[in-house]
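**Q** Pasting a predicted model and its sequence here:
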Amino acid sequence: MLLYSAAFAALLAALPGAEASKRGLVFTPNATTRSDDKIWVQKPTTLTWYYNYKPEPEAVYEHLPQSEFEFVPMMWGAPSPIDDTSFVRTIKNLIKQGINITNVLSFNEPDGPFVYGGSNMEPSVAAQVWVNNMIPLQELGIRVGLPACTGSPDGLPWLLSFLEECSKLISTDNKQQNCTYDFVTIHWYGNFEGLASHMGQYSAAFPNKTMWITEYNLNHQDLESTQAFFNISAEYFDRLDFVERYSLFGAFRSDVSNVGPNGAMLSANGSLTDIGAWYLGREATGTLPSASSSSFRSVAPRASAVVLSALGALFATAAMV
């Protein structure tokens, strides 16, 4: 009963809809469908920033100013050798080229194994890489986010261990110091109740910090549930002041999606699905994720209607518990 009540209260607070300027693009291009890359910046679009798991921006977006479509570099994992600082040099070169870099993302799922896309770093190694690369950028006035751990129970303990190791590196016998960060970065794949709980845990662990949700989706579920999750979570993020930015992991075609076809923002033929259209601030398309050139369905309800429907169902379930 408590879980449903908390989720219901959170959803109620998310109404009505809000502006979507927090939205960004997780850029995951496919070599065989590079024409899709331009979809995300065609007008109208709500997307204001993007990252690509790399320190260098994408050539396809180089004509867009940072003020319109901000590139956020990422240091994905540990360099080899560990004392390599080419990441810092790359960022400084971008700035020299006139690219206004103001935010940087650090390690991608360092608590996760390589086989699942994690950067698989020991906290002590990550701390040394941070000191070598992130602190020099902070000294330039660039904002840096905490590493983006997986949504597993191992994520938060990894971060706390990382911060402890980082503190050891910069402290002296006479002075205790802590490594600083500007925002918390999280990933989540699962239902909305789990997402809200996960965010709450991070808010409690890192108070007074804004949050970026840089990967999230409801993976491998039916279309109705996936659409409801998208609408509920997007409205929730837009309503929370401490959520600074978010980016749905789904900017690819359904036939190559590793979160299931219904989580993709493009159909198999490269058309925007309802979720894809909603994410860009447009009306639903009625295109099925599995659509061929002629596969459509009736247009899905608007985001607010989906949220209200989900609220009603959630409240009804809570009443029966």
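**A** It's in. Residues are numbered from 1 along each chain as shown.

**Q** For residue 100, grab the count of nearby residues.
**A** Neighbours of residue 100 under the rule other Cβ atoms under 10 Å: 11. The way it works is simple: take the backbone N, C-alpha and C, and place the C-beta from them, glycine included.

**Q** Need the nearest residue in space to it, chain neighbours excluded.
**A** residue 66 (4.5 Å; Cβ to Cβ, 6 or more residues apart in numbering).

**Q** Sort out which residues of stretch 203-216 are buried, please.
**A** Judged by neighbour count using 16 or more other Cβ atoms under 10 Å, the buried positions of stretch 203-216 are 203, 206, 209-216.

**Q** now it: mean pLDDT?
**A** For stretch 203-216, mean pLDDT rounds to 97.

**Q** mind listing the helices for the stretch 1-150 of the chain?
**A** Counting by DSSP state H, counting those that start in this stretch, one finds helices in the stretch 1-150 of the chain at the ranges 2-13, 86-96, 123-138.

**Q** residues near the residue nearest to residue 100, how many?
**A** So residue 66, with other Cβ under 10 Å, has 16 neighbours.

**Q** Could you pull up the residues touching it?
**A** The contact partners of residue 66, by Cβ atoms under 8 Å, 6 or more residues apart in numbering, come to 99-102.

**Q** Lowest average pLDDT across the helices of the stretch 1-150 of the chain?
**A** Of all the helices of the stretch 1-150 of the chain, mean pLDDT reaches its minimum on helix 2-13 (a mean of 41).

**Q** quick one: secondary structure of the residue positioned nearest the centre of the chain?
**A** In the chain, the residue lying closest to the centroid (Cα atoms, centre = their mean) is residue 214, at 1.3 Å. Following DSSP: H, G, I helix; E, B strand; the rest coil, residue 214 is assigned to strand.

**Q** re earlier: mark which of the contacts of residue 66 are buried, thanks.
**A** Buried members of the contacts of residue 66, scored by 16+ other Cβ under 10 Å, are 99, 101.

**Q** sorry, back to before: what is the nearest of the buried residues of stretch 203-216 to residue 54?
**A** residue 214 (13.8 Å; Cβ to Cβ).

**Q** Tell me if I'm right that the closest one and residue 185 touch.
**A** Yes. Using Cβ atoms under 8 Å, residue 214 makes contact with residue 185 at a distance of 5.5 Å.

**Q** what touches both of these two?
**A** 105, 148.

**Q** related to what we said a few turns ago, ok now do the residue nearest to the centre of the chain, which residues does it touch?
**A** Residue 214 sits in contact with 24, 26, 51, 105, 148, 185-187, 245-247, where contact means Cβ under 8 Å, 6+ apart.
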